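# Generate coordinates for the sequence data below:
(chains A and B)
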Amino acid sequence: MTTHSQPIVELTNVNKHYDKVKALQGINLKVMPGEVLGLFGHNGAGKTTMMKLILGIIKATSGTVNVLNADPISSQAFESRKHIGYLPENVSFYDHLTGKEVLTYFARLKKVPKQQITDLLEQVGLTHAMNRAVKTYSKGMRQRLGLAQAFLGQPKLLLLDEPTVGLDPIATQEFYQSVDKLKSTGASIILCSHVLPGVEQHIDKAIIISGGKPLAQGSLQELRQQAQLPVTIKTQGLNGALVTDERFGDFVVAADELKVPEEKNLEVVKQLLEMNNISNLQVLPADLEQVYQYYLSHEHLSQKPVNTTEETKA
Amino acid sequence: MSPVLSVAIKEFQDGLRNRWLISITLIFAILSLGLSYYGSVASGEIGLTSISSTIASLSSLAVFLIPLIALLLAYDSFVGEQESGTLLLLLTYPISHSQLLLGKFVGQGAIMALATVLGFGSAAVLLGFQMDFASVMHSFGLFILTAILLGLCFISIAYVISLVVSEKSKAAGLALILWFFFILVFDLGLLAVLVGMEDGLSQQQLVNLMLLNPADIFRMVNLASLDTSDVNGVLAVAINGSISPLGLLGLQLAWIVTPLVAAGFIFNRKTL
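Down below sits the predicted model:
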């Protein structure tokens, strides 16, 4: 992104061990202002541990963690916590208080002006329910209250752990709109999600971790290239001509479907367009889910972490 | 607004919304009014009993109830928030562990203190109309003050419980065990020692042992200020001990501060 600015979050050779468990090993990571990082991995891969490290709740066993120009666990970082928003996974707020009271509580702790409370409630669409006790809220409403909480004080860094769980498609879309809006003001966002479809267009880069180790990181484009996943081409109207055409020999996976390496994509499309009878053509590059599955299934083949960007400095 | 105050306000709101305040107040008011009017039924008469015997019976009942209520009010303060995920969230906010602990203590302490003042105070006012106002206020004043201190002490103890365990059900169990120990087992143990061991304990040693139990200190302060003719048993021995009421109040304070400091220490070293 912008070249002159300092990274908001920087992890260098970070390891975190609990008694015998190596929760994180050799993590190198940089998030620049205005960047959205997707953090992907199975349950127990170390995603939450990483978030806790960045939030300054736990201390790294070795390596350095730098968030907003300070070690998050140090006392200098105390004030910068105002500029960090966090939505934990599965949080349930104080049942007996109303939505507005809950948000007021967190706003006071963050020393955020009162006006923002009503604005945020409006933004997440809870204005009609703000004077009702949280125990009457649906799962989606609770999640939206959590989001409003994370957005308090216009954070420079936002960490979201499974933010769209329990949200309906429209609310999910609205959520990503707020994320994009916040991003455009220069905030960095770390997004941890299982729900892969839909995340894709909102993240700038991704890191895939498994068993505490980074399997791959970089922009989606880079990850895709590294994985060398084929492009899927679906055709209509060819009536089985694909199977008999020897030019497509190895690529054909079904009567009207081809899987083509990315670099041959254009060539094949041209050939297809020249064919008679073709009525429609769909070109689908590998999506995030396929990339994710590729790296996880190749984990045991290559123990060395794939690093496609120039992130690792000694 | 200071973080301590913000947390205190929220805890107080929670206490109001949970109906804790109203329930505790009602329990205390009914208890004290009932005892003042009907405390003498056992001796065959109905009507107002003497203030000192009212206070004596009130403090023997309050010593069961107040610790139980305080433990119930506060046992899930931390472990409950840990289970619901808000503790993790709060720790990412600009608030230190000690500020959070202190805020909770101030908020829940205020609920307990207010309920004690309103509950027992209402009875005191009613009694005051029918008896001598000044003497009622004097005896009830000390009783209410020490009852608040007793409640605060068990809130601090509840925080220690809430911070050492990681499940709400365990915290509840541990709270009940501690209540059982301080309120029933401790005194029975003392009695057993007194009866079972000839020349085992001097009177002074007995009093010193009783200072290890905040509930006993509460009883000692209250009964010491009454006509000793209404009091008998182990306590009568203790009351003739040498510690002044002010000293006992100081010990009650120590019994609030020590567990609270311990809770702060545990909280600071706790990993989430």
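# how many neighbours does residue 138 have?
Since no chain was named, I'll use chain A. 11 (other C-beta atoms under 10 Å in any protein chain shown). In short, each C-beta sits where N, CA and C put it, glycine included.
# could you do chain B instead?
As a burial measure, B:His138 scores 13 neighbours (other C-beta under 10 Å).
# and it, helix, strand or coil?
Following DSSP: H, G, I helix; E, B strand; the rest coil, B:His138 is assigned to helix.
# Per-residue pLDDT of it, please?
As predicted, B:His138 sits at a pLDDT of 80.
# For stretch A:193-205, measure first residue to last.
13 Å (C-alpha to C-alpha, to the nearest Å).
# ranges for the helices of the chain?
Let's take chain A. With DSSP state H, the ranges of helices along chain A come out as A:47-55, A:99-110, A:115-123, A:139-151, A:169-184, A:220-227, A:241-244, A:265-274, A:288-297.
# ah, I was thinking of chain B
B:3-17, B:20-38, B:51-74, B:79-84, B:86-90, B:97-130, B:133-164, B:168-180, B:186-196, B:203-210, B:214-224, B:234-239, B:245-269.
# I'd like to know which of those helices is closest to A:Gly44.
Comparison of the helices of chain B against A:Gly44 by C-beta to C-beta identifies helix B:86-90 as nearest, at 16.9 Å.
# I'd like to know which elements the closest one is packed against.
helix B:79-84 (3 or more C-beta pairs under 8 Å, 6 or more residues apart in numbering or on different chains; DSSP states H and E).
# Can you list the buried residues in the helix it packs on?
Neighbour counts over helix B:79-84 (16 or more other C-beta atoms under 10 Å in any protein chain shown) mark B:79-82, B:84 as buried.
# so which of the helices of chain A gets nearest B:Tyr38?
helix A:99-110 (41.4 Å).
# Give me the nearest residue to A:Thr164, chain neighbours excluded.
Spatial nearest neighbour of A:Thr164, excluding adjacent residues (C-beta to C-beta, 6 or more residues apart in numbering or on different chains): A:Thr172 at 4.7 Å.
# The one you found and A:Gln143, how far apart?
From A:Thr172 across to A:Gln143, the span is 10 Å (C-beta to C-beta, to the nearest Å).
# Give the residue from these two that has the larger number of neighbours.
More crowded of A:Thr172 and A:Gln143, by other C-beta under 10 Å: A:Gln143, with 24 against 19.
# Tell me how far the more buried one lies from chain B.
Going from A:Gln143 to chain B by C-beta to the nearest C-beta, to the nearest Å gives 12 Å.
# check contacts around that residue.
A:Gln143 is in contact with A:163-167, counting by C-beta atoms under 8 Å, 6 or more residues apart in numbering or on different chains.
# Just list the residues touching the closest residue to A:Pro230 other than its chain neighbours, thanks.
Leaving aside its sequence neighbours, A:Pro230 sits nearest to A:Lys259 (C-beta to C-beta, 6+ apart; 4.1 Å). Going by C-beta under 8 Å, 6+ apart, A:Lys259 touches A:230-233, A:251, A:253.
# what phi and what psi does the backbone show at A:Glu35?
Dihedral angles of A:Glu35 (phi, psi; degrees, to the nearest 10) stand at phi -100, psi 150.
# So for it, what pLDDT did the model give?
91.
# State the distance from the closest residue in space to it that isn't next to it in sequence to chain B.
Excluding its sequence neighbours, the residue lying closest to A:Glu35 (C-beta to C-beta, 6+ apart) is A:Asp204, at 4.9 Å. Taking C-beta to the nearest C-beta as the measure, A:Asp204 and chain B are separated by 23 Å.
# and the residue in the stretch 101-250 of chain B that chain A sits nearest to, what does it touch?
Of all residues in the stretch 101-250 of chain B, B:Gly103 sits closest to chain A, at 9.5 Å by C-beta to the nearest C-beta. B:Gly103 makes contact with B:3-8, B:10-11, B:95, according to C-beta under 8 Å, 6+ apart.
# thought B:Leu150 was touching B:Phe218?
Yes. Between B:Leu150 and B:Phe218 there is a contact under C-beta atoms under 8 Å: 4.5 Å.
# Could you check which of the two has the larger neighbour count?
Ranked by neighbour count (other C-beta under 10 Å), B:Leu150 and B:Phe218 place B:Leu150 first, with 29 against 25.
# Wait, A:Lys82 touches A:Lys110, no?
Yes. A:Lys82 lies in contact with A:Lys110 (C-beta under 8 Å); the separation is 5.4 Å.
# neighbour-wise, which of those two wins?
The residue with more neighbours, out of A:Lys82 and A:Lys110, is A:Lys110; 22 against 17, by other C-beta under 10 Å.
# ok, for that one, nearest residue in space, not its chain neighbours?
A:Gly153 (4.9 Å).
# Pop out the phi and psi values for the one you found.
phi 80, psi 20.
# so it sits right up against A:Ser80, yeah?
No. Using C-beta under 8 Å, A:Gly153 makes no contact with A:Ser80, being 11.3 Å away.
# Give the residues shared as contacts by A:Thr172 and A:Gln143.
A:Thr164.
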